[in-house]
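>>> A structural model of the following input is requested.
(chains A and B)
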Amino acid sequence: MDALLNLLPHIINGISLGLLFALIALGFMLIVGVMELINLAHGSLFALGAYAAMLIISPDPAWFGPLGQWYLGLPLTLRYIVGIALAPALVAIVGFGLEFCMRRTYGKDPLYGLLLTFGAAMVLEESIRLFWGSGEQVMPVPQAVSGAFLFGDLIYSRYRFFAAGFAVAVILLVWLFLERTPYGAIIKAGAHDSEMVRALGINLTRLRLYVFGFGASLAAIAGIVMTPIWGLRPHVGVDAVVPAFLIIVLGGVGSFWGAVIAGVLVGLVVGLTGAYASEWSLLSMYLLLIAVVTFRARGLFGKKSMLEA
Amino acid sequence: MQQTKAQPTFWITRQMLVLFAVLGTMPLWAESVGLYQYLGVEIVIWMIFALGFNLLLGYTGLPSFGHGAFFGLGAYAFGLVQHELAVSLWLGLLGAVALAAAGGGLVACFLSHRRGIYFALMSIAFGQVFWFVAIKWHAVTGGEDGLLNIPRPAFDFGVGHLALDNNTALFYFVLAVLAVVIIGLWRLVHSPFGKVIQAVKQNEMRTAFVGYNVWLFKWSAFTISAAVAGLAGGLFAMAQESAYPDVMSLHASGFVVMMTLIGGGFVSFWGPVIGAAVFFLARDLLGSMTETWLLWYGLMFMAVVVFKPEGIAGAWQDMVKRRSSGRERGGHAGAALAAQLKR
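Next up, the predicted model:
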């Protein structure tokens, strides 16, 4: 019982981290499902979202003169909400641009899409370096969700709970959108059989554009939420894209809840190994992936997919 | 055309002679065109790495995004042999090749029944594992700093020896290794083994139906490719006089993919050679103009993937073909050249 009690904080930490991993994987999953495209630029879009939000939350006061002064005088919470709403929209525009470049690779070997997004990831990362520099950045968070609180004898970071709750909310909203709206029905149909969707008179080109933009903005949201925990530097994207594809392969392509469960599982494994060997905690997720995939090639809940082509 | 058909059985081809002539004279003209001796060493080492990589990507059709791991394994093995066992060039390189081949063989056991995108993703995961261990296993790898002060042992050939501590001597040594690797891989891809792995690339299932053990061929191609990467890594550790985890990162693994593709590894044996030279020349030329040369190189890579996935070698082949079809009869020489550039 005592041992279990000692583990409890690690389990709680692991689950909250897992929910955030699931949030990171969400946009990636959507793009894999509908477009059969591995978006290796996912991590860079994640980083770009965080940088864009930082710019919106605390812009250089010299930029807009008195208007900037007035804006910076607004409460941080308000600016934070503006940032979290506006930055994903900006990243979605970048996503549209990227999808536009991608069009020539449709119908070819999916490897070309992978290579193209790999190049795009590098270009985005270098662009971030160009505009914001290579240094570590700090994103301010509103007072209400920062700080720590005491529960039992242990101190918990308030922001982690806020972030986990936010992740749950976004995951549920995306699920409701996919399951309960006609747009969601089209997206799911596109993932299932894109030829049939086209035959039914739905503009597949536009669908792909929107799905990619949507996936990019989900990456941006994940980036904004993760930044106070992970910190922000140009190459943070790699730290995000690797867990994202890992979770998708682990959960199985084409399974929404598979990805969420895989995310929580990865979070738990990382959290628990962190309790005993904190140096090696991130290694455990690769070993989990290798162990599961060796025995179940399609992941935990996967269906037949482009990965097996 | 008869002549070109017989050509693969040659040990040495015209392209090799051109390449060796250009590279062999490089120390004489490099400085007068604004380059420096060490650049040549780097280019040749990455040519070796990329050639080995292309055995996997271009010939077997397996896109590995974690190949930096084997390059890094070779580098660490070379350094550890010098530090812990003996200061010996041959022992160091042998260790580099052996460790990388062992690592590659192990990873290949998990990957050889995969292909395409799944293979690419799993190779990233394995590459990250090696990279992560290299950073965290302080006692052996020296952590983030890596192994420092790796000596450059002399080239000992029985009757005498040659010091490799200046960059020109080292350049000629790595060039000799490149020559061995090129001839070896050229023979390999034109051997029955080479034909089978190309068949695997085109249609794995049919190759299996004809009766070949596809898994074993993929495993062998992966292991050989990892061994060549390890050789390049060992040379790199000697050239840099250190071994560090950066070369195992996803970025470094991506660089070799990028240079192989831009050069034209999909359509030509020479693609990785061209690509490695372009990469380092771009780094130095663009790098002297702008800090963010990778931004421009990345854009170039994206443009190649979108418009000309066959890369520079593919564009050259097209140009030669167009010219030769323009001149009905006179195009004979051009067609022969185009056929030569194909594998």
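
>>> tell me where the stretch 51-200 of chain A has strands.
For the stretch 51-200 of chain A, the strands defined by DSSP state E, counting those that start in this stretch occupy A:148-151, A:154-157.

>>> if you average pLDDT over the first one, what comes out?
Looking back up the chat, that one is strand A:148-151. Mean pLDDT, computed over strand A:148-151, is 72.

>>> just want the residue of the stretch 151-300 of chain A that's nearest chain B.
In the stretch 151-300 of chain A, the residue that lies nearest chain B is A:Tyr286 (4.8 Å; Cβ to the nearest Cβ). C-beta coordinates here come from the backbone N, C-alpha and C atoms, glycine included.

>>> where does A:Ile224 land in three-state SS?
Look at A:Ile224: counting by DSSP: H, G, I helix; E, B strand; the rest coil, its state is helix.

>>> do I have it right that it meets A:Ile81?
No - with contact defined as Cβ atoms under 8 Å, A:Ile224 does not count as touching A:Ile81 (11.1 Å).

>>> tell me the pLDDT at residue 228?
I'll assume chain A. A:Pro228 is assigned a pLDDT of 85 by the prediction.

>>> meant chain B actually
On the pLDDT scale, B:Val228 is placed at 96.

>>> again with A:Ile128
A:Ile128 is assigned 91 on the pLDDT scale.

>>> and what of A:Phe161?
Note on A:Phe161: pLDDT of 84.

>>> and the spatially closest residue to it that is not a sequence neighbour, what does it touch?
In space, and not counting its chain neighbours, A:Phe161 is closest to A:Ser16: 6.7 Å by Cβ to Cβ, 6 or more residues apart in numbering or on different chains. Applying Cβ atoms under 8 Å, 6 or more residues apart in numbering or on different chains to A:Ser16 gives the contacts A:Arg160, A:Phe161, A:Ala163, A:Ala164, A:Gly267.

>>> quick one: average pLDDT of the helix or strand hosting B:Arg187?
B:Arg187 belongs to helix B:167-189 when assigned by DSSP states H and E. When pLDDT is averaged over helix B:167-189, the result is 90.

>>> which elements pack onto it?
Judged by 3 or more Cβ pairs under 8 Å, 6 or more residues apart in numbering or on different chains; DSSP states H and E, helix B:167-189 is in contact with helix B:14-24, helix B:26-29, helix B:37-54, helix B:192-202, helix B:214-240.

>>> how about those helices in CSV, adding mean neighbour count?
CSV is the format used below for the helices and strands packed on helix B:167-189 (neighbours: other Cβ atoms under 10 Å in any protein chain shown):
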stretch, mean neighbour count
helix B:14-24, 15
helix B:26-29, 14
helix B:37-54, 25
helix B:192-202, 17
helix B:214-240, 26
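
>>> of all these, which lies closest to A:Gly97?
Closest to A:Gly97 of the helices and strands packed on helix B:167-189, according to Cβ to Cβ: helix B:37-54, at 30.3 Å.

>>> mind checking how far the next helix or strand along the chain from that closest one is from the chain centre?
Heading C-terminal from helix B:37-54, the first helix or strand you meet, by DSSP H and E, is helix B:68-80. Distance of helix B:68-80 from the chain centroid (Cα atoms, centre = their mean, to the nearest Å) equals 15 Å.

>>> before we move on, what about stretch A:183-201?
The chain centroid and the centroid of stretch A:183-201 are separated by 24 Å under Cα atoms, centre = their mean.

>>> could you export it as CSV, CA atoms only?
Provided in CSV are the C-alpha atoms of stretch A:183-201 (Å, rounded to 0.1, in the frame of the first residue of the first chain):
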residue,chain,number,x,y,z
TYR,A,183,-17.9,17.9,-41.9
GLY,A,184,-16.6,15.2,-39.6
ALA,A,185,-18.5,12.6,-41.6
ILE,A,186,-16.9,13.8,-44.8
ILE,A,187,-13.4,13.7,-43.2
LYS,A,188,-14.0,10.2,-41.9
ALA,A,189,-15.3,9.1,-45.3
GLY,A,190,-12.2,10.6,-46.9
ALA,A,191,-10.0,8.5,-44.6
HIS,A,192,-12.0,5.4,-45.4
ASP,A,193,-12.3,5.7,-49.2
SER,A,194,-11.2,8.9,-50.9
GLU,A,195,-12.2,7.7,-54.4
MET,A,196,-15.8,7.1,-53.3
VAL,A,197,-15.9,10.5,-51.6
ARG,A,198,-14.8,12.1,-54.9
ALA,A,199,-17.4,10.1,-56.8
LEU,A,200,-20.1,11.5,-54.4
GLY,A,201,-19.3,15.0,-55.7
